[in-house]
Structures are given as structure tokens and as C-alpha cells.
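>>> next one to model:
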Amino acid sequence: MLNKIAIGFKAMLTALVAMLCTAHIQAQNLQLEIQAPRVVTVGEMFRVTFVATGEVKNFIAPSMEGFVVAAGPMKESSYDVHIAYGKVIQRLIYTFTYTLYAEKDGKFTIGSAKVTSGSDEAQTQPFAIECVKGEEPRTAQQQAGGQKPAAAAVGSNGSLYLGVMLNKTEVYRGECIVATTKIYTRGNSIRGFENVKKPTYNGFWSQDVDIPKEINFVRENVNGVVYDAGLLWKQLLFPQQSGELTLSPSEIDVIIQVRTRPRDILEDFFSGGHQNIRKHLQSRTVKVKVKDLPGGAPASFSGAVGSFKIESSLSKKQLVANDATTLTIRISGNGNLKLVNQPKVDLPVDFDAYDTKTTDAIKNSDAGATGYRQFEIPLIPRSAGEFVIPPVEFSYFNPSTGKYVTLHTKEHAISVEKDTKSQQTYTSSEGRREGIKFLGKDIRFIKTGETLVQQDRQFFGSAVFYLLYAALAAAFVALYAWMKKHRKDSRNVVLMRNKKANKVAKKRLKNSAQLLKMGNAQGFYDELLRAMWGYLSDKLNIPVAELSRESAREAFAERSIEEPYIETFLSVIDECEFARYAPGSGRKEMAQLYRDAVTVISKLEQRVR
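Presented below is the predicted three-dimensional model:
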């Protein structure tokens, strides 16, 4: 039995060796990169590693002025083996590791390292490292002896805190702010997070910035002290009102593992001498000064702030009457793109325009919201002729220069031919003459010699005639009254928004339902949030810039709305806001949230008039 197992093992080993021997060694140029911390403390030992990919014949060490080389270089080699397109591919990797420490504070630079292989070579860029004194700097001898600094006490002496950083604290209304929230720690073993509470952004429109799901701690210098900083979340904020706005504190519970003194050997064995404790952290309040936009805005300005360009195109410039073409307007650049409205388009009289399709391709990053917003407008000319769509005007405010900028697209000439298949066509004078000739064939001669007999029943002056006349008069009066009221209501913007609030909300809820079916959680929560806030703004006549939980509660209370409906409405908004920052909610939770939104809007529609 043992002999059979040995024979089988030898066969597997032989096959593996044969596969590796026939593996394809990927032909590639030399590559070299450096791996090192950006910030260290004086006397702290740290590693600098140079990683080379490819066959290395010679390694030329860099200059390390300002640092003491405690050890190195230690050279190691390994193979990175993976399978691609059915082939086993090997990459040869070399590492050259130094152990360094600094004897004084300051900024020092590790020069360029170089590797060569025949005529091929690669080198790194100079790498700057900041050395700080720290509160209690450790010497290289202390670290070599394995001693730990006293400043590593958990949660004490500022060894753990939550920080919120803004790239700007004074901006124009609508200008983008990048808000970054990090956790800073020194000597703590973090095991997890609970009860995350993000700040409220009253007066801001917020958008998430995609960051890695796994928190990666990087060293940072904070007022001369080295911390391990982990990025928790990052957002783009667009202030919607001027004045001093406040970002409420962020809060989080951090689970930390601490060393304990066991009561006996068994407890030490089973618990490992550690226990988890919970520490509550809260960031400081941050204030932002928001300047109002200057006066003298162009007529085509609708709130766009940033740096943009505009272009337009026409899908067809030669077509037949009653045929369709599409005018596409694309606004691209950096700024509050999602809040950009469709520019006004002046169309020829004989053109019909239909519902615009809006497409967003926007990426949120440290640079702000970058990309484009595109408007596709279907157009149908109803008559033949030569037409011109004049240039479209678009204006925005550039916060860098503090001035308004007006842009124009090019004009588009359209040639429309007569539609010979349809009877509803443009009629020229020649066409009218042909119609007269055609109608001439329908003339009948008056017959003579016939005796006309007078009928006894006459419609004119009869009771039916007067009854019908009265009904038409009443209908005309009712139509006139309705049209007068409609014109009056149309001029009342508040009333029109109130009437259309439910219709607009239903449209947005329908869009969110489609996103739910598609599994697009981020889009679902964004659209549902727009439906809730939009309904609130339209129905209760609250300006967008003043929308908040407090203004909503006050407006509902003024209209005597029951507290359960208020709480349900605000709860849906809170759930959407939280879900946008904490992805992972199940489809069932999203579906329930959608049902709650539909129910509460229906109930409010019955109570708010």
C-alpha cells in the first residue's frame, strides 16, 4: 500500500516539474520600485526595500545621506507563477532590503537606485522621507532590544482620534469641497468599528468618493508626531447657500485589543492574555465660510460652478418632414456637474421637441467631480424648408478667477425635404392650385324642373335649437372660466409645484424601482433620496438650499401632519443617507425602504393640500 502511495506521489511530482520546466517565462523589461514609509521618528528603525522584476545582473545602491544603515542590503529572489490564457507564466522577482534609522529630525532623500541586465536597465525616482522627533522618540538600541515606548498606552495621550479634513474652508456657493475623514492611531491594535455616525451636511449637496473597502493605514506626521492614519470615507460637498455653514461631528466606536494580566496560567492560555475594549471617538465641529456669487450673472447662468466646456451635434442634418433627428448637447469639465441644467435651445417654429434624455458620466475623486453631462433632445420638423438652429448659450461661474464665463455652441443648418407619403405636409402655392383643379372634378350641375316640397318641421327656432344653443353657451362660459383659472394658476409657481409634486415624485420612484430591479444599489438610494427631498421641496414650498430635517419637521408641523408620518418620512431619508455611505444592504431592505417611501408619500398627498 505504501509503495502505491509513493509511486503516485512520484508521478504527481514528475508532472509538476515537467509543467514548470515547460512554463513560459514572460519576456519583459526590467522594472524597479521602492517601498518605504514617508514619515518616521528619530532613532526609529525602518526598512527600505527595492523590488526588481526581471533578470537582474547588477544592483547599484542609492545614496542615503541623513540615514544610518543598520543592516543591508539583504538580497532575496523568488518566482511569481500564475496561469494566463492556458499558459504557466513565471516572473522573476528580486528584493534588496536595507534597515535604516535617522539620528536627527528633518527631511532627507533616498537617491535613485538602479538595476541592469545587459543593455537593459531600470531605476527609481528619488524618495523623500520626513523624520520627526515625536513625543518620546525611540533609539535604535531600544528597538533592537524589543522595548516598547511608554507613549503606546491605548487611548491615552491622544494615541487615538478621529479627524475630518477639508481641502478648503472658504469657498463660493456651489464650489466643490473635498471632505476626508480618517482615524489616527499610535500603538493601538484596532479590531473593528461599530456605530458609525457620519456628519450631517445641512446646506450642502454631497457625493461619495470611491475608496478601497479595506482600510490601509499609512504613516502621517501630525504636528511633529507620527501616526498611522486610516481612510474611513471621503466625500465631495457643494454648498447650496451662503454664510457660515457647520459640519456636525462624526462619531464611531472603535474596538481595540489590549493586553491584560491573567489571574492564572489557564486564563492566560485560553484568552491569550488579551481582551477587546470599545472606545467612542468624536471628531471636532468644522465650519465653512461660503461666499455668495457676485452679481451681474448672465441670463444663461443657472447655477453651474467650476470649469466647463460645451459642444453640440446633430444626428441628421438632411431629412424629410416628420422624420426625427437628435440634438445632443454635452457639458464637460470639473464642478457641480450633477446640478447643471439643460441650456435653453431656440428652435424653429415648425420644429417639435420631445422629452430630453439626460446621461451622466461623472467620476468623483480628490480632484472633484469630473466628466460630462449630456442632453439628447429628439426633434421633428413638420414642414419642408431650410432651417437653422442657432448657437446654444451656456454660462458658468469659475471660482478660480471669480468671474462668470459664457460659452456658445456652433449653429446647425438643417435641410428638410417635403414628405410625399404623408398628407399632412407643407402646402405651397402650387399645391393650392392643384387642389383647386382637383376639387373642380367634384362640381355637380344644379338640376332643374324639380318641384320642391316644404317640410313642416323646422330646426331653426325649435325647442331643440334653443336648448342646444344654451348648452353651447354654457360650455363656452365654463371653458373660458377654466382657461382663466389655468392661466392664473400657471403664473402661481408655488401652486404649480404643489400640484406637480406627486407626479414628479412618482416618476422618480418609478426610476428607483427600475434601479432596484437592476441591482444598482447606489443609483437606487440616490434616486429615492431625490424623490423624497424633491417632493418635500415642491409640496411644502421649501427652497432646495434650505432643505434639512429641521425645516421639514417644522413645515409638517405647521400643516398638522401626524408625528408617525413625519418620522417615517425622515426615517426613509436617514436610511438612504446611511446606505450611501455603508454599502451592503440586502435587496429585501431596499425593497422595504421603497415600499415605505411610496406609502408615506401617498399618505402625505392625502393630508397636504
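>>> so residue 302: helix, strand or coil?
Here residue 302 takes the strand state, with states given by DSSP: H, G, I helix; E, B strand; the rest coil.
>>> got the confidence number for it?
Note for residue 302: predicted pLDDT of 89.
>>> give me the neighbour count for it.
16 (other Cβ atoms under 10 Å). (Glycine included, C-beta is placed from N, CA and C.)
>>> what's the closest non-adjacent residue to it?
residue 341 (4.6 Å; Cβ to Cβ, 6 or more residues apart in numbering).
>>> same thing with residue 176?
Distances taken as Cβ to Cβ, 6+ apart place residue 368 nearest to residue 176, at 4.2 Å, with adjacent residues excluded.
>>> wait, the one you found sits on residue 178?
Yes. When contacts are counted by Cβ atoms under 8 Å, residue 368 is listed as touching residue 178 (7.1 Å).
>>> between the two, which is the more surrounded one?
Neighbour count, other Cβ under 10 Å: between residue 368 and residue 178, residue 368 has more, with 24 against 18.
>>> quick check: that one vs residue 335, distance?
Counting by Cβ to Cβ, to the nearest Å, the gap from residue 368 to residue 335 is 7 Å.
>>> ok, now residue 223?
Using Cβ to Cβ, residue 223 is found at 33 Å from residue 335.
>>> these two: who's more crowded?
The residue with more neighbours, out of residue 223 and residue 335, is residue 335; 24 against 8, by other Cβ under 10 Å.
>>> OK, contacts around the more buried one?
Going by Cβ atoms under 8 Å, 6 or more residues apart in numbering, residue 335 touches 174, 175, 176, 304, 305, 306, 307, 308, 368, 369, 396.
>>> ok, the third one - how many residues close by?
When neighbours are counted by other Cβ under 10 Å, residue 176 registers 24.
>>> equivalent analysis for the second one, please.
When counting by other Cβ under 10 Å, one arrives at 23 neighbours for residue 175.
>>> quick check: closest non-adjacent residue to it.
Residue 175 sits nearest to residue 399 (Cβ to Cβ, 6+ apart), 4.4 Å away.
>>> so the one you found sits against residue 170, correct?
No. The pair formed by residue 399 and residue 170 falls short of the contact definition of Cβ under 8 Å, at 10.5 Å.
>>> and these two? which has more neighbours close in?
Taking neighbours as other Cβ under 10 Å, residue 399 and residue 170 compare with residue 399 leading, 20 against 11.
>>> from residue 239, how far off is that one?
In terms of Cβ to Cβ, residue 399 sits 11 Å off from residue 239.
>>> for those two, list the residues in contact with both.
With Cβ under 8 Å, 6+ apart as the test, residue 399 and residue 239 both reach 171, 175.
>>> could you say what helices and strands the one helix or strand residue 235 maps to packs with?
Counting by DSSP states H and E, the element that carries residue 235 is strand 225-239. Applying 3 or more Cβ pairs under 8 Å, 6 or more residues apart in numbering; DSSP states H and E, one finds that strand 225-239 contacts strand 39-41, strand 177-185, strand 204-208, strand 217-222, strand 286-291.
>>> contact partners of the longest strand along the chain?
In the chain, assigned by DSSP state E, the strand with the most residues is strand 67-84. With Cβ under 8 Å, 6+ apart as the test, strand 67-84 has contacts from 20, 23, 45, 50, 59, 61, 88-103, 108, 110, 129, 140.
>>> any idea how far that strand is from the chain center?
40 Å (Cα atoms, centre = their mean, to the nearest Å).
>>> same question for stretch 106-120.
That offset, for stretch 106-120, works out to 40 Å (Cα atoms, centre = their mean).
>>> cool, stretch 462-472 as well?
Its chain's average C-alpha position is 65 Å from that of stretch 462-472, according to Cα atoms, centre = their mean.
>>> on that earlier part again, give the pairing partners of the longest strand of the chain; include direction for each.
strand 87-102 (antiparallel) (DSSP bridges).
>>> can I get the partner strand in CSV? Just the C-alpha atoms.
In CSV, the C-alpha atoms belonging to strand 87-102 read as follows (Å, rounded to 0.1, in the frame of the first residue of the first chain):
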residue,chain,number,x,y,z
LYS,A,87,0.0,29.1,-20.1
VAL,A,88,2.0,29.0,-16.9
ILE,A,89,3.8,32.3,-16.7
GLN,A,90,6.8,33.0,-14.4
ARG,A,91,8.1,36.3,-13.3
LEU,A,92,11.5,36.5,-11.6
ILE,A,93,11.5,39.0,-8.6
TYR,A,94,14.5,40.3,-6.7
THR,A,95,14.3,42.3,-3.5
PHE,A,96,17.1,44.4,-1.9
THR,A,97,16.3,45.4,1.7
TYR,A,98,18.1,48.0,3.9
THR,A,99,17.4,48.7,7.6
LEU,A,100,17.9,52.4,8.4
TYR,A,101,17.4,54.9,11.1
ALA,A,102,17.8,58.7,11.4
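>>> list the buried ones in that strand?
Buried residues in strand 87-102, counted by 16 or more other Cβ atoms under 10 Å: 92, 93, 94, 96, 97, 98, 99, 100, 101, 102.
>>> ok, residues contacting stretch 170-179?
Stretch 170-179 has contacts (Cβ under 8 Å, 6+ apart) with 164-168, 204, 209, 234-242, 247, 288-293, 303-306, 334-336, 339, 366, 368-369, 397, 399, 402.
>>> what is the mean pLDDT for the longest helix along the chain?
Longest helix in the chain, counting residues (DSSP state H): helix 463-491. The average pLDDT for helix 463-491 rounds to 77.
>>> so where's the stretch 201-350 of the chain shaky on pLDDT?
By pLDDT under 70, the weakly predicted segments of the stretch 201-350 of the chain are 260-274.
>>> which parts of it are strands?
204-208, 217-222, 225-239, 243-247, 251-259, 274-282, 286-291, 301-314, 318-320, 325-335 (DSSP state E, counting those that start in this stretch).
>>> hang on, residue 603 in a helix?
Yes. Per three-state DSSP, residue 603 lies within a helix segment.
>>> per-residue pLDDT, the nearest residue to it once chain neighbours are set aside?
Spatial nearest neighbour of residue 603, chain neighbours left out: residue 565 (5.6 Å); criterion: Cβ to Cβ, 6+ apart. Predicted confidence (pLDDT) for residue 565: 82.
>>> returning to what we had before: for residue 471, find the nearest of the helices and strands packed on strand 225-239.
Proximity to residue 471 (Cβ to Cβ) singles out strand 204-208 among the helices and strands packed on strand 225-239, at 54.9 Å.
>>> from the chain's centroid, how far away is the closest one?
On Cα atoms, centre = their mean, the centre of strand 204-208 falls 8 Å from that of its chain.
>>> now the helices and strands packed on strand 225-239 in TSV, with distance to residue 537?
Shown next, in TSV, are these (distance: least, Cβ to Cβ, whole Å):
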stretch	distance to residue 537
strand 39-41	47
strand 177-185	23
strand 204-208	13
strand 217-222	41
strand 286-291	20
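>>> and those strands, which is most packed in?
Mean neighbour count (mean count of other Cβ atoms under 10 Å) peaks for strand 39-41 among the helices and strands packed on strand 225-239, with a mean of 24.
>>> what mean pLDDT does the next helix or strand along the chain from it get?
Downstream of strand 39-41, the first helix or strand assigned by DSSP H and E is strand 46-53. Average pLDDT, strand 46-53: 86.
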